[in-house]
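*Asks:* Just need the structure, nothing else, for what follows:
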Amino acid sequence: MAQLLSLLNSAIAFGTVIMLGSLGETLIEKSGNLNLGIPGIMYLGGIGGMIAAFFYECVGGGKSPIVGLILSFLCSMAFAAAGGLIYAFLTITLRANQNVTGLTLTIFGGGVANFFGASLNTLAGGVGQISTPITSSAYIAYTPLGFKGVLGKLIFGHGFMVYLAIVIAILMSYFLNKTRTGLNLRAVGENPGTADAAGINVTKYKYIGIICGSAIAGLGGLFYTMDYIKGTWANDAVIEGLGWLAVALVIFGTWKPLNSIWGAYLFGFVYWAYLYIPGLNRSSIELFKMLPYVITLIVLIAVSLRKRRENQPPASLGLSYFREER
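*Replies:* Prediction:
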């Protein structure tokens with residue numbers, strides 16, 4: 001029971017990182033743009049929050065966890081939104097190829113994040129990892145609400161961003177399906193020419209969708225740095241790997257925000273299941289780590305065979321809109 005609880009807790013924490021990235025990419029793709037720069041966006045969100053927390057604690061001498069949380073949260077979203085703005089300008093205004101631009105953004109985001117991460121490490125004395133324990137404590141704090149035991153810890157034993165991710169998924173589903181603005185955004189992603197003819201400002205909706213989606217995706221990087229690895233920064237490729245899982249989760253969830261909730265936890269469960277299976281060699285471990293991608297491929301094949309329109313991507317996904325060709 002203890003091992004199962006540990007696995008479920010790991011799946012929830014791991015799943016929250018990719019859920020936030022997936023929700024951001026879902027909103028972007030609903031506007032008709034395919035942003036393969038989500039890993040870079042998550043990098044920018046992570047380092048943005050780390051920069052704010054580091055300077056507040058170490059340079060400014062700040063001691064309030066709440067202030068550190070607010071500053072890092074806002075800075076993370078600002079960095080990620082800036083990355084989204086770059087992508088939007090290149091693909092909407094300049095009509096650059098979306099796939100190439102997204103991949104370039106992934107490389108750019110990772111480079112910028114690791115550069116600033118190394119710079120912060122130098123400012124911190126160059127010994128060990130950067131640490132922002134005061135700000136991190138606000139992210140990992142939880143209130144069991146009187147519930148005790150295994151179930152109470154499983155449901156309520158997490159930082160606030162775990163529940164924030166679920167709330168964002170629910171609100172995004174309502175926004176896309178029940179509000180006029182959300183329906184207009186979907187119309188732009190399905191057929192921008194028809195939406196334009198109906199008086200919808202295609203450029204505005206695409207810009208807003210990409211920037212807001214990027215800000216949400218950036219929270220995945222923030223959660224990873226402040227909660228998942230407890231307020232530290234490591235110059236490795238973990239965030240990039242999680243970003244690609246987030247992109248895969250969009251396909252797995254058939255572009256529905258609510259499906260990202262259980263899909264993210266399923267990804268986390270199968271990804272970490274090898275830790276609780278004795279006798280596995282290194283090759284078997286790597287096979288377990290690729291299971292989320294295998295599951296995504298199976299779902300993609302199944303969706304393609306069934307050909308149900310509601311499970312298909314937006315019709316104009318990845319295609320630049322040329323108004324003069326309408």
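*Asks:* contacts and neighbour counts: CA atoms only from here.
*Replies:* Noted.
*Asks:* residues in contact with T132?
*Replies:* With contact taken as Cα atoms under 8 Å, 6 or more residues apart in numbering, T132 is in contact with M50, A53, F54, E57, G231, T232.
*Asks:* Please identify the helix or strand for the third one.
*Replies:* Of the helices and strands defined by DSSP states H and E, F54 is found in helix 38-54.
*Asks:* next one: that helix to chain centre, how far?
*Replies:* Relative to its chain's centre, helix 38-54 lies at 11 Å (Cα atoms, centre = their mean, to the nearest Å).
*Asks:* Now do the contacts for L69.
*Replies:* Residues counted as contacts of L69 (Cα under 8 Å, 6+ apart) are A53, T135, S136, A138, Y139.
*Asks:* any idea how far it lies from A237?
*Replies:* Separation of L69 from A237 (Cα to Cα, to the nearest Å) stands at 25 Å.
*Asks:* what about the strands in this structure?
*Replies:* 130-131, 232-233 (DSSP state E).
*Asks:* Nearest to G193 among the contacts of T132?
*Replies:* Nearest to G193 among the contacts of T132: M50, at 41.6 Å, using Cα to Cα.
*Asks:* Would you agree that closest one is in contact with T225?
*Replies:* Yes - using Cα atoms under 8 Å, M50 is in contact with T225, at 7.3 Å.
*Asks:* who touches both of those two?
*Replies:* Contacts common to M50 and T225, judged by Cα under 8 Å, 6+ apart, are G231, T232, W233.
*Asks:* Which positions are bridged to the second one in the beta structure?
*Replies:* Per DSSP bridges, the residues bridged to T232 are S131.
*Asks:* which residues touch it?
*Replies:* Residues near T232 by Cα under 8 Å, 6+ apart: M50, Q129, I130, S131, T132, T225, M226.
*Asks:* Please report which of these has the highest neighbour count.
*Replies:* Highest neighbour count within those: M50, with 34 neighbours (other Cα atoms under 10 Å).
*Asks:* and the residue lying closest to G268 once chain neighbours are set aside, how many residues sit next to it?
*Replies:* Spatial nearest neighbour of G268, excluding adjacent residues (Cα to Cα, 6 or more residues apart in numbering): A11 at 4.0 Å. Using other Cα under 10 Å, A11 has 21 other residues around it.
*Asks:* I301 too?
*Replies:* By the measure other Cα under 10 Å, the count of residues near I301 is 12.
*Asks:* same check, this time on A141
*Replies:* By other Cα under 10 Å, 12 other residues sit near A141.
*Asks:* ditto for E310
*Replies:* Residues lying near E310 (other Cα under 10 Å) number 11.
*Asks:* what's the answer for Y276, then?
*Replies:* The tally of other residues near Y276 (other Cα under 10 Å) stands at 12.
*Asks:* Give me the pLDDT value at the nearest residue to V299 once chain neighbours are set aside.
*Replies:* Excluding the flanking residues, the one nearest V299 by Cα to Cα, 6+ apart is F252, at 6.0 Å. Each residue has a pLDDT score; the one for F252 is 89.
*Asks:* F252: what's it in contact with?
*Replies:* Counting by Cα under 8 Å, 6+ apart, F252 makes contact with S260, G263, I295, T296, V299, L300.
*Asks:* ok, these vs P314, which is closest?
*Replies:* Nearest to P314, judged by Cα to Cα, of those is L300 at 14.4 Å.
*Asks:* hang on, the earlier thing: go through the contacts of F252 and name the one nearest A187.
*Replies:* Of all the contacts of F252, S260 has the smallest distance to A187: 21.6 Å, by Cα to Cα.
*Asks:* was I right about that closest one contacting L249?
*Replies:* Yes - the pair S260 / L249 is scored as a contact, 6.6 Å apart, by Cα under 8 Å.
*Asks:* How many neighbouring residues does the closest residue to V112 other than its chain neighbours have?
*Replies:* What sits nearest to V112 in space, not counting adjacent residues and going by Cα to Cα, 6+ apart, is L44, at 7.5 Å. Using other Cα under 10 Å, L44 has 36 other residues around it.
*Asks:* Quick check: V250 vs F73, distance?
*Replies:* Per Cα to Cα, V250 is found 24 Å from F73.
*Asks:* Which one of these two is surrounded by more residues?
*Replies:* It is V250, of V250 and F73, that has more neighbours when counted by other Cα under 10 Å, with 28 against 23.
*Asks:* which residues are in contact with stretch 156-175?
*Replies:* For stretch 156-175, the surrounding residues in contact (Cα under 8 Å, 6+ apart) are 12-13, 16, 19-20, 23, 139-145, 147, 181-183, 223, 227, 256-258, 260-261.
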